[in-house]
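**Student:** Predicted model follows, preceded by the sequence.
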Amino acid sequence: MASRTPAASARTPSRRRLSVDERREQLIAVALELFSARPPEEVSIDDIAAAAGASRPLVYHYFPGKQAIYEESLRRAGAELAGRFEEPAVGALSERLDRVVERYLEYVAGHGPGFAALLRGGSVAASPGTNAVIDEVRRAAHDQILVHLALTDPSPQLRLTIRAWIAKAEITSLAWLAEGRREPSELVRRRLVQDFVAALVVTAAREPELAAAVSGYLAAERPGSPTADLVRDLAGLLAVPGLAEALTGLALGTADGADPAPPAL
């Protein structure tokens, strides 16, 4: 009988058995990947088990059901998304926010169906636990923006402005996904950053203390930044026939041919 070669006689090494914690982490990672690619109602325990190379009873050994593994996956995803709002206080305000929104949109693009289902709240898997995850992400975004504004006592109106912008970012990202991300992310990002700057300036028009801070933010901007481009575009509007005159009339109280208000005695 022919002798066996070393290659033929070599034994295939067995796969290392995962510890309890490692197996749990693996199931969460696999589930998060599935929930990122498909709406949660389209993912089953069997799908998770198959993707993890595990049995259905094993998945149930670690989690009581799909809802539990879904909520844990979202907590991990929420922590990752919240971390993307952290940005060193280096450079102009709009440039910092531009980097944050870039990371945010990268996350949205990579977790489309799951992200959309979570924000819409229409998923069969929605629950107080899932709602708490997105609320935590919103708080993280709100708090990080306040850090960059560096205000000791932000007003309720400013906080409302920030929350409204966060909601706008969510609505914009959902529309971007629904339209198949046809618009380049760079344009979506730039528009969101400029919308925040515009909202901040409008709020400052009503709050003298914020206005003083905004002057500092604008002084730090440089040509080519999102804010600089916004100012350039707004200045370009003054070339529209009649617009400059209409704005001047509104500012001086002389619109519609009314006489200027008499000076106060």
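**Tutor:** Cool, got the structure.
**Student:** Tell me who's in contact with the closest residue to residue 52 other than its chain neighbours.
**Tutor:** Among residues not flanking residue 52 along the chain, residue 30 sits closest, at 4.4 Å (CB to CB, 6 or more residues apart in numbering). Any C-beta I mention is one placed from the backbone N, CA and C, and that applies to glycine too. Residues in contact with residue 30 (CB atoms under 8 Å, 6 or more residues apart in numbering) are 48, 51-52.
**Student:** got it, and residue 47?
**Tutor:** Neighbouring residues of residue 47 by CB under 8 Å, 6+ apart: residue 34.
**Student:** follow-up on the earlier one: tabulate the contacts of residue 30 (a markdown table), appending distance to residue 100.
**Tutor:** Below are the contacts of residue 30 laid out as a markdown table (distance: CB to CB, whole Å):
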| residue | distance to residue 100 |
| --- | --- |
| 48 | 32 |
| 51 | 32 |
| 52 | 33 |
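**Student:** quick check: mean pLDDT across the one helix or strand residue 193 maps to?
**Tutor:** For residue 193, the element it lies in under DSSP states H and E is helix 185-204. Mean pLDDT, helix 185-204: 97.
**Student:** now do stretch 132-142
**Tutor:** For stretch 132-142, mean pLDDT is 87.
**Student:** Which positions in it come out as buried?
**Tutor:** By neighbour count on 16 or more other CB atoms under 10 Å, the buried set for stretch 132-142 is 133-134, 137-138, 140-142.
**Student:** Return the subset of those lying in helices.
**Tutor:** Secondary structure from DSSP state H places 133-134, 137-138, 140-142 of the buried residues of stretch 132-142 in helices.
**Student:** just the residues you listed now: which is nearest residue 224?
**Tutor:** Distance to residue 224, by CB to CB, is smallest for residue 141 among these, at 25.2 Å.
**Student:** Which residues does stretch 184-197 contact?
**Tutor:** Here stretch 184-197 makes contact (CB under 8 Å, 6+ apart) with 93-94, 97-98, 101-102, 105-106, 109, 165, 168-169, 172-173, 176, 226-227, 229-230.
**Student:** Give the buried residues for the following helix or strand past the helix holding residue 193.
**Tutor:** As assigned by DSSP H and E, the chain's next helix or strand after helix 185-204 is helix 208-219. Residues of helix 208-219 classed as buried by neighbour count (16+ other CB under 10 Å): 210, 213-214, 217-218.
**Student:** returning to what we had before: would you check how far apart the residue nearest to residue 52 and residue 24 are?
**Tutor:** As judged by CB to CB, to the nearest Å, residue 30 and residue 24 stand 11 Å apart.
**Student:** and what of residue 133?
**Tutor:** Distance of residue 133 to residue 24, computed by CB to CB: 18 Å.
**Student:** For stretch 89-104, buried residues please.
**Tutor:** By neighbour count with 16+ other CB under 10 Å, stretch 89-104 contains the buried residues 92-104.
**Student:** Correction: the previous question concerned stretch 53-64.
**Tutor:** Neighbour count says stretch 53-64 has 54, 59, 62-63 buried, by 16+ other CB under 10 Å.
**Student:** which residues in this structure form helices?
**Tutor:** Going by DSSP H, the chain shows helices at 6-9, 20-37, 45-52, 56-62, 66-83, 93-110, 112-120, 128-149, 156-178, 185-204, 208-219, 226-237, 243-252.
**Student:** tell me the angle of the fifth one relative to helix 20-37?
**Tutor:** Orientation note: helix 66-83 sits at an angle of 80 degrees relative to helix 20-37 (axes from the mean of the first three to the mean of the last three CA atoms, to 10 degrees).
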